[in-house]
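S.K.: The following comprises the amino acid sequence and a computationally predicted model.
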Amino acid sequence: MDAIDLLARYAGTDSDQKLYAAGEKVPIDGVIPKAWLDGVIDDDGRVERIPYELCVLIAPREALHRREVYVQGAGRWKDPDEDLPGDFEDNRDVPLRRPGHAAGRRSDPPTALTTVLWSGWPGGSIRYNDPMPRRLDREAAASFMIEHRLEPLEQYPGAGKQWRCRCLACGDEVRPRYANIKQGWGGCSRCGRLAQSRTRRGSEEKAIADFRAVGLEPLEPYASVMTPWRSQCRRCGRVVSPLLNNIRKGQGACEYCSGKRVDTKAAAAVMRAASLEPLVAYPGRHAPWPCRCLRCGQSVSPSYGAVRAGGGCRHCNDTAIKPDAAAAAMRNAKLEPLEPYPGSLARWRCRCLKCNKIVSPCYSTIPRGSGGCRWCRNSGFKAADNAVVYLITHAAFRAAKIGITDSSGSLLKKHIIRGWQVLCTVAVPGERAMLIEAEILDWWRGELALPAYLGQREMKQGGWTETVSAEEIDLAVTIRRIRHLAEGPDHAETLTSLLGSRVSAAEDVTGGPTDAADRSPRPEIIRGNGPLSLIDRM
């Protein structure tokens with residue numbers, strides 16, 4: 001009650017006052033549990049208000065549950081003396097019997113609980129006011145732990161507390177609880193894992209039977225379900241090392257018989273059976289395998305998987321492109337070949353039958369309808385139209401890209417909305433734009449030996465084949481090359497008419513210094529360099 005009075009006196013004080021006054025008498029015993037002392041009392045011995053108030057509120061609740069105090073006029077928590085049966089004094093001494101059994105009725109055999117109660121109380125009866133035993137006998141608890149192969153290293157701390165012991169099986173120091181051991185739990189985690197492993201491992205006879213059931217003969221003693229077991233396949237005779245756990249899950253026993261693994265000699269035999277003589281070692285199931293056809297003598301590169309599926313020499317199977325058929329397809333596209341067929345992906349020098357210009361399209365683009373003469377084709381970018389050569393970079397990818405677009409800049413806009421920044425734009429005729437792009441790419445790929453830096457995954461809008469690492473090139477030098485190629489003497493008048501007054505502005509493209517850290521021009525110089533008002537219109 002003194003603690004409650006203390007809370008009432010401090011109810012109106014400032015909430016920022018975290019500690020009680022130095023001279024305040026704060027009740028501790030019976031209010032603050034031992035486990036809470038460090039959290040309520042600071043290092044200087046002063047009591048903090050908030051945790052102390054929680055303890056004060058919890059203490060009456062616990063006292064109500066124990067019926068030590070009661071609430072006047074309450075129903076459930078009323079005075080215990082008012083809650084006693086009317087014949088309590090007459091039946092204060094009662095014999096101990098199982099609940100639900102009337103007096104004089106034959107009872108069942110005593111259970112473990114009744115046996116403990118009977119042995120603990122002389123005369124076989126209890127009184128309501130007699131105290132109950134609170135702790136187990138220490139010697140009995142220690143004997144019980146030793147029976148379960150746990151040697152106590154300290155006095156019995158209580159049924160629900162950790163008890164420092166030594167496992168008599170493995171010698172490890174463990175801290176089980178007496179209550180858990182009483183309920184049948186294991187005391188040593190290490191011994192428990194070993195027992196679980198032994199249970200999961202199973203018998204060696206059962207393991208050998210499972211392997212022989214799938215056509216495997218073990219060649220070494222059995223270890224465990226998760227250890228590779230060296231065995232010999234009775235079907236193909238090869239030595240494999242599968243896991244018993246995988247075998248019991250229904251997975252393939254022999255990697256060779258299931259096709260997961262290929263024997264190089266067997267693979268070569270499959271190729272020779274298809275009239276193909278391998279020229280190199282086995283490269284993999286789905287990789288091209290250079291071979292010589294034993295029928296027609298042509299060099300082909302089918303994959304092992306394709307040959308297993310029924311493939312073979314594309315020349316003998318009539319799947320290769322015939323030179324005569326390729327030439328006929330070019331003539332149907334109004335292109336007259338000027339040299340023998342070089343292959344579907346190589347450039348084929350031809351003369352356009354419409355405009356009489358020399359062009360070099362790839363045959364692979366003709367069947368799709370996207371190839372042909374760049375001067376007079378009906379779709380796509382035309383060499384006769386005005387074009388824009390652009391150089392762009394991407395900060396996140398650390399990449400640079402050269403490209404061309406029509407005068408509307410539609411293709412360049414697709415790159416800008418995806419985070420690309422424009423470094424340089426030059427307006428030239430379409431033919432010159434193609435030449436500038438080809439010259440820059442030849443410089444990157446040939447002299448600098450830089451491959452395409454990005455792929456389709458990073459550039460879903462297309463154009464990844466014209467990319468390069470921005471850290472591997474000098475962007476200022478690249479801009480100078482683009483300007484030099486655009487201002488060729490044979491196109492000076494055309495450039496002047498297209499660029500107008502902005503030709504003089506292009507002189508500042510490479511005039512500024514460069515940053516030695518990233519070898520790129522200063523942004524303020526690059527942003528205003530565009531000889532076409534394309535950047536301003538974006």
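M.R.: Perfect, I can see it now.

S.K.: tell me how far the ends of stretch 206-224 are from each other?
M.R.: According to Cα to Cα, to the nearest Å, stretch 206-224 extends 12 Å from its N-terminal end residue to its C-terminal end residue.

S.K.: chain center to it, what's the gap?
M.R.: 36 Å (Cα atoms, centre = their mean, to the nearest Å).

S.K.: Just the buried residues of that stretch, please?
M.R.: 207-208, 210-211, 214, 216, 218, 222 (16 or more other Cβ atoms under 10 Å). Backbone N, C-alpha and C define where each C-beta goes, glycine included.

S.K.: Check stretch 163-170 too.
M.R.: Within stretch 163-170, the residues that qualify as buried are 163, 165-167, counting by 16+ other Cβ under 10 Å.

S.K.: And the residues you listed, which two are furthest apart?
M.R.: Checking these against each other with Cβ to Cβ, the farthest-apart pair comes out as Trp163 and Cys167, at 12.4 Å.

S.K.: what pLDDT, on average, does the lengthiest helix in the chain get?
M.R.: Using DSSP state H to assign secondary structure, the helix with the most residues in the chain is helix 49-65. Model confidence over helix 49-65 averages 81 on the pLDDT scale.

S.K.: got the CA coordinates for that helix in CSV?
M.R.: Taking Å, rounded to 0.1, in the frame of the first residue of the first chain, the C-alpha atoms of helix 49-65 are listed here in CSV:
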residue,chain,number,x,y,z
ARG,A,49,9.7,5.8,-12.1
ILE,A,50,8.3,4.1,-15.2
PRO,A,51,9.6,0.5,-14.6
TYR,A,52,8.8,0.9,-10.9
GLU,A,53,5.2,1.9,-11.6
LEU,A,54,4.9,-1.3,-13.8
CYS,A,55,6.1,-3.4,-10.9
VAL,A,56,3.6,-1.7,-8.5
LEU,A,57,0.7,-2.5,-10.9
ILE,A,58,1.8,-6.1,-11.4
ALA,A,59,2.2,-6.9,-7.7
PRO,A,60,-1.5,-6.4,-6.8
ARG,A,61,-2.5,-8.5,-9.7
GLU,A,62,-0.3,-11.4,-8.6
ALA,A,63,-1.6,-11.0,-5.0
LEU,A,64,-5.2,-11.2,-6.3
HIS,A,65,-4.4,-14.4,-8.2
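
S.K.: Give me the helices and strands touching it, please.
M.R.: The contact analysis (3 or more Cβ pairs under 8 Å, 6 or more residues apart in numbering; DSSP states H and E) places helix 49-65 against helix 2-9, helix 37-40.

S.K.: and that helix, how far from the chain's centre?
M.R.: Once both centres are worked out by Cα atoms, centre = their mean, helix 49-65 turns out to sit 48 Å from its chain's centre.

S.K.: same check, this time on stretch 333-350
M.R.: Centroid separation for stretch 333-350 versus its chain: 48 Å, with Cα atoms, centre = their mean.

S.K.: First residue to last residue on it, what's the distance there?
M.R.: Terminal residues of stretch 333-350 are spaced 11 Å apart (Cα to Cα).

S.K.: That one - what's its average pLDDT?
M.R.: According to the model, stretch 333-350 has a mean pLDDT of 87.

S.K.: And it, what's buried?
M.R.: Within stretch 333-350, the residues that count as buried by 16+ other Cβ under 10 Å are 333-335, 337, 341-342, 348, 350.

S.K.: With stretch 264-279 instead?
M.R.: Neighbour-count burial for stretch 264-279 flags 267-268, 271, 274, 276, 278 (criterion: 16+ other Cβ under 10 Å).

S.K.: which of the buried residues of stretch 163-170 lies closest to Lys25?
M.R.: For the buried residues of stretch 163-170, with Lys25 as the reference and Cβ to Cβ as the criterion, the closest is Trp163, at 39.5 Å.

S.K.: Please give me every residue in contact with that closest one.
M.R.: Neighbouring residues of Trp163 by Cβ atoms under 8 Å, 6 or more residues apart in numbering: 145, 152, 154, 156-157, 175-178.

S.K.: okay if I get those residues as CSV plus neighbour count and pLDDT?
M.R.: Putting those into CSV (neighbours: other Cβ atoms under 10 Å; pLDDT from 0 to 100) gives the following:
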residue, neighbour count, pLDDT
Met145, 21, 92
Pro152, 19, 94
Glu154, 8, 93
Tyr156, 19, 90
Pro157, 16, 89
Arg175, 12, 93
Pro176, 20, 93
Arg177, 17, 91
Tyr178, 24, 91
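
S.K.: now the buried residues of stretch 163-170 in JSON lines, with pLDDT?
M.R.: Shown next, in JSON lines, are the buried residues of stretch 163-170 (pLDDT from 0 to 100):
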{"residue": "Trp163", "pLDDT": "93"}
{"residue": "Cys165", "pLDDT": "95"}
{"residue": "Arg166", "pLDDT": "94"}
{"residue": "Cys167", "pLDDT": "93"}
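
S.K.: Could you export the residues you listed as JSON lines, including secondary structure and distance to Asp442?
M.R.: Formatted as JSON lines, the entries for those read as follows, by DSSP: H, G, I helix; E, B strand; the rest coil; distance: Cβ to Cβ, whole Å:
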{"residue": "Trp163", "secondary structure": "coil", "distance to Asp442": "81"}
{"residue": "Cys165", "secondary structure": "strand", "distance to Asp442": "80"}
{"residue": "Arg166", "secondary structure": "strand", "distance to Asp442": "79"}
{"residue": "Cys167", "secondary structure": "strand", "distance to Asp442": "76"}
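
S.K.: quick one: which of those residues is nearest to Pro51?
M.R.: Closest to Pro51, out of all of those and judged by Cβ to Cβ, is Trp163, at 29.9 Å.

S.K.: just to revisit the earlier point, which one of the helices and strands packed on helix 49-65 lies nearest to Glu437?
M.R.: Taking Cβ to Cβ, helix 37-40 is the member of the helices and strands packed on helix 49-65 nearest to Glu437, at 73.9 Å.

S.K.: Check which helices and strands the closest one is in contact with.
M.R.: So helix 37-40, by 3+ Cβ pairs under 8 Å, 6+ apart, packs with helix 49-65.

S.K.: End to end on stretch 461-468, go ahead and measure it.
M.R.: 16 Å.

S.K.: what residues does that stretch touch?
M.R.: Identification of contacts with stretch 461-468 by Cβ under 8 Å, 6+ apart yields 399-403, 411, 414-415, 418, 437, 441, 444, 448, 450, 452-456, 458-459.

S.K.: Show me which of the residues you listed are buried.
M.R.: Neighbour-count burial (16+ other Cβ under 10 Å) is assigned, among these, to 399-403, 411, 414-415, 437, 441, 444, 450, 452-454, 459.

S.K.: Give me the helix or strand of this structure that scores worst on average pLDDT.
M.R.: helix 523-527 (a mean of 29; mean pLDDT, DSSP states H and E).

S.K.: what sits against the nearest residue to Ala396 once chain neighbours are set aside?
M.R.: In this structure, Ala396 finds its nearest non-sequential neighbour in Gly419, 6.5 Å apart by Cβ to Cβ, 6 or more residues apart in numbering. The neighbours of Gly419, taking Cβ under 8 Å, 6+ apart as the test, are 394-396.

S.K.: do the same with Ala213
M.R.: Applying Cβ under 8 Å, 6+ apart as the definition, Ala213 turns out to have no contact partners.

S.K.: quick revisit: now, the buried residues of stretch 264-279 that are in helices?
M.R.: Secondary structure assignment by DSSP H places 267-268, 271 of those in helices.

S.K.: can I get those residues in TSV with pLDDT?
M.R.: Rendered in TSV, the data for these read as follows (pLDDT from 0 to 100):
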residue	pLDDT
Ala267	89
Ala268	91
Met271	92
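
S.K.: Just name the closest of the contacts of Trp163 to Leu54, please.
M.R.: Pro157 (26.6 Å).

S.K.: what about that closest one, which helix or strand?
M.R.: Using DSSP states H and E, Pro157 is not contained in any helix or strand.

S.K.: Check the gap between it and Leu168 for me.
M.R.: When Cβ to Cβ, to the nearest Å is applied, the distance between Pro157 and Leu168 equals 20 Å.

S.K.: likewise Arg230?
M.R.: Here the criterion is Cβ to Cβ. By it, Arg230 lies 38 Å from Leu168.
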